[in-house]
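Chemist: Could you work out the structure for the sequence below:
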Amino acid sequence: QVQLAESGGGLVQAGGSLRLSCTASGRYFKTYSMGWFRQAPGKEREFITAISWNSGNTYYVDSVKGRFIIASDNDKNTVYLQMNSLKPEDTAVYYCNIDEWGRGLNWAQNPTFASWGQGTQVTVSS
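Modeler: Numbers count the residues shown, from 1 in each chain. Sure, this is the predicted structure:
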């Protein structure tokens, strides 16, 4: 079973930046892509971005496009999320995950995953 470890969250003022990291370990079939979700208080977990392990292609939802950048270090099984121009509405617990089966990059179409990490809290103050 895959283990996911997110880090890098914190408290930042609106307009600021944070860089999240997530490393996958344990047993899993293959890495097609890795990506990020977030869950704001009182809301459902939402998919925000993913990156293809083979091509480096990326996908972003509209709410983060142009502000967030996803990157990967394949050798380290690690995905990063550079978050710029943060807004109070970005406040959430951020989770990463790994696509072992080739579901494409728009994980919103198939957001079911067997394992989740603890997530990392991002709080953006106004």
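
Chemist: Quickly find the element holding the residue nearest the centre of the chain.
Modeler: Centroid-nearest residue in the chain: W36, 1.8 Å away (criterion: C-alpha atoms, centre = their mean). For W36, the host element (DSSP states H and E) is strand 33-39.

Chemist: still on that earlier bit, so how far is T78 from the residue nearest to the centre of the chain?
Modeler: Distance, W36 to T78, by C-beta to C-beta, to the nearest Å: 12 Å. (Each C-beta comes from the backbone N, C-alpha and C, glycine too.)

Chemist: Check the contact lists of those two and give me the overlap.
Modeler: C22 (C-beta atoms under 8 Å, 6 or more residues apart in numbering).

Chemist: and the gap between A40 and F47?
Modeler: Here A40 is placed at a distance of 13 Å from F47 (C-beta to C-beta).

Chemist: And for G104?
Modeler: Distance of G104 to F47, given as C-beta to C-beta: 12 Å.

Chemist: Give me the more crowded residue out of these two.
Modeler: For G104 versus F47, neighbours defined as other C-beta atoms under 10 Å are more numerous around F47 (20 against 13).

Chemist: So the more buried one belongs to a helix, correct?
Modeler: No: F47 is assigned strand when assessed by DSSP: H, G, I helix; E, B strand; the rest coil, not a helix.

Chemist: got the contact list for it?
Modeler: Applying C-beta under 8 Å, 6+ apart to F47 gives the contacts G35, W36, F37, V61, N106, W107, A108, P111.

Chemist: Great, nothing more from me.
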